[in-house]
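# Next come a sequence and a model predicted from it.
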Amino acid sequence: MYWISRLNSGMANLLDWFARSFPIWLVLGFKIVGVLYSLWVIRNQVHGLLTPKVHLFGFRELLRVCDQKLRIPVQRFEPDVIYCLDAYCAVWAEVLLDYLTRRPVIVVGDRAQGATLDDTAASNDAYDTVDVGNWSLFFPRNVFSGANFAQDKILVLSDCVTRGDMLTAAVEYLRSKGASSERITTLGLTVWGHAHQPAIVGVGGLSLDIVLPYTGRRNGLLRSTYEATGE
Amino acid sequence: MSNSGNLSMWSGLWNVAQVVVAAMGAFVTAGVAVTSLRSAVDEWRERRQFDDMRALCRGRLASRVRSFEPNVLFAWDGRGGVWAEIIADALKPRPRVVVGLRLKHEGPKAATKLFAGYNVLRARDWNLYIPKTLFDDFGAKRVLFVDDYVMTGSTIRAFIDYAVREKHIPGENVSTLAVLALRKASPAPMIVGSSLRREPELPYMVLR
């Protein structure tokens, strides 16, 4: 009985102490949490200022760009041929097909960065190669030899235009194959503000690095070397 | 009496009007909430689907393809081509990605121009255009055919018939891959990302 009464009184004292000091602990707790949260916010702000920002594009977001910004210009131009710099670009050509009443032919080239060119296992005999900076553009010969492009309206498509020199090189190549300058136009799905601007622009005026949904790599000029699929 | 009767009538009508307006407001709010929620869920599902397909390509499919060691990946169009590029990015040395043409037999849109540099194969619904020199100038020794979605398997059959029977490429040097395939597809792709019972809604068809 004695021990039970001691225990009861001890418990009562403890509860009493908690009841008296609880508001102090509560205030202190809030203050500590508040200070930690402020530090975390400040750390994020500083980190954001120090690291270059990157815009992550979603596939659906780019589909909306096609629907809202590219539909009308592409319908007006009504191409006979869509030339894609690589198969990544070709998926956007497939999307654009839905906006056209006459189906153009989609021709898909290839491109590789200088460093990875030696690793390309397949032969280059099937392609005409045009070097642009440290990149190489490959134009399939089976399409461009013997074909007459003089009367065709050609749309040259790139998914990511950071400088515009690849689109210019592709236009030059097509002109050398007999295509008419007036009948060639260029389209960039994502275009940097300082790039040589294509005639048709999806998302324009970019200044930050971007990540396209399928590559998962940064494209842009904020890094010292821009990476694959970045023009 | 008549005044108080009128008053109670107007008061009753006022109450009814209030209830009606409140109910309409509640309906509209609920409608907007349900629509936004549905749109958010749809967007999440579609994004999820694209991410899932990409994860398949970079993970399981890339490791299966690595053991096959292709030097050329071939796709009939850009929809297969984009997945071929993703797989090719995961391989070293990076194989070449070659894209042909695929046109419907009796589609509403006839192609405005065709080139002489292709051989034409006829599948069930499609005319398939493959570069004449795929196995010569392109140097395709070990070829992997890549498609985003295989429904019947007719395009796979057309490709294998062309490579093995017409071009006499040894069967062990030709393989086929589909990111998604219906279980009933025959022939089934040799490498499959995900086998499906029902037709999927592919991510690039969300706005159609």
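Yes, it's here. Numbering: from 1, shown residues only, chains lettered A, B, ... in the order given.

# Can you list the helices and strands that the helix ranked longest in chain B packs against?
As assigned by DSSP state H, the longest helix anywhere in chain B is helix B:2-56. Packing partners of helix B:2-56 (3 or more CB pairs under 8 Å, 6 or more residues apart in numbering or on different chains; DSSP states H and E): helix A:59-65, strand B:174-182, strand B:191-196. All C-beta spots, glycine's among them, are computed from the backbone N, C-alpha and C.

# Can you spell out the domain ranges of chain A, please?
A:1-51, A:54-219 (automatic domain parsing).

# Buried deepest among these, which one?
Comparing the domains of chain A by mean neighbour count (mean count of other CB atoms under 10 Å in any protein chain shown), domain A:54-219 ranks first with a mean of 19.

# Now B:Gly117: phi and psi?
phi -80, psi 20 (degrees, to the nearest 10).

# and the closest residue to it other than its chain neighbours, what element?
Among residues not flanking B:Gly117 along the chain, A:Asn142 sits closest, at 3.0 Å (CB to CB, 6 or more residues apart in numbering or on different chains). Using DSSP states H and E, A:Asn142 falls within helix A:141-144.

# Contacts for that helix, please.
Here helix A:141-144 makes contact (CB atoms under 8 Å, 6 or more residues apart in numbering or on different chains) with A:107, A:126-128, A:177, B:115, B:117-118, B:131-133, B:137.

# contacting residues around A:Phe149?
A:81, A:174, A:177-180.

# And those, which is closest to chain B?
Chain B has its nearest neighbour among these in A:Val81, at 6.2 Å by CB to the nearest CB.

# Tell me who's in contact with that closest one.
A:104-107, A:149, A:152-155, B:113 are the contacts of A:Val81 under CB under 8 Å, 6+ apart.

# For it, which residues count as its bridge partners?
Beta-bridge pairing of A:Val81 under DSSP bridges involves A:Val105, A:Ile154.

# how far is the longest helix along chain A from where the chain is centred?
Counting by DSSP H, the longest helix found in chain A is helix A:2-50. Its chain's C-alpha centre and that of helix A:2-50 lie 46 Å apart, by CA atoms, centre = their mean, to the nearest Å.

# and A:Val191, what element?
Using DSSP H and E, A:Val191 sits within strand A:184-192.

# now for that strand, which elements pack on it?
Counting by 3+ CB pairs under 8 Å, 6+ apart, strand A:184-192 packs on helix A:59-65, helix A:71-77, strand A:154-161, helix A:165-176, strand A:200-206.

# what's the pLDDT at A:Leu70?
A:Leu70 carries a pLDDT value of 96.

# In contact with the nearest residue to it once chain neighbours are set aside, which residues are there?
Leaving out its chain neighbours, the residue that sits closest to A:Leu70 by CB to CB, 6+ apart is A:Gly202, at 5.6 Å. Going by CB under 8 Å, 6+ apart, A:Gly202 touches A:62, A:65-66, A:69-70, A:187-191.

# on that earlier part again, in CSV, list the helices and strands packed on helix B:2-56 along with mean pLDDT and distance to A:Ile32.
Converted to CSV, those look like this (pLDDT from 0 to 100; distance: least, CB to CB, whole Å):
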stretch, mean pLDDT, distance to A:Ile32
helix A:59-65, 87, 40
strand B:174-182, 93, 51
strand B:191-196, 91, 49
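
# Same list, these, but as a markdown table with distance to B:Tyr162 please.
Output for the helices and strands packed on helix B:2-56, formatted as a markdown table (distance: least, CB to CB, whole Å):
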| stretch | distance to B:Tyr162 |
| --- | --- |
| helix A:59-65 | 32 |
| strand B:174-182 | 10 |
| strand B:191-196 | 19 |
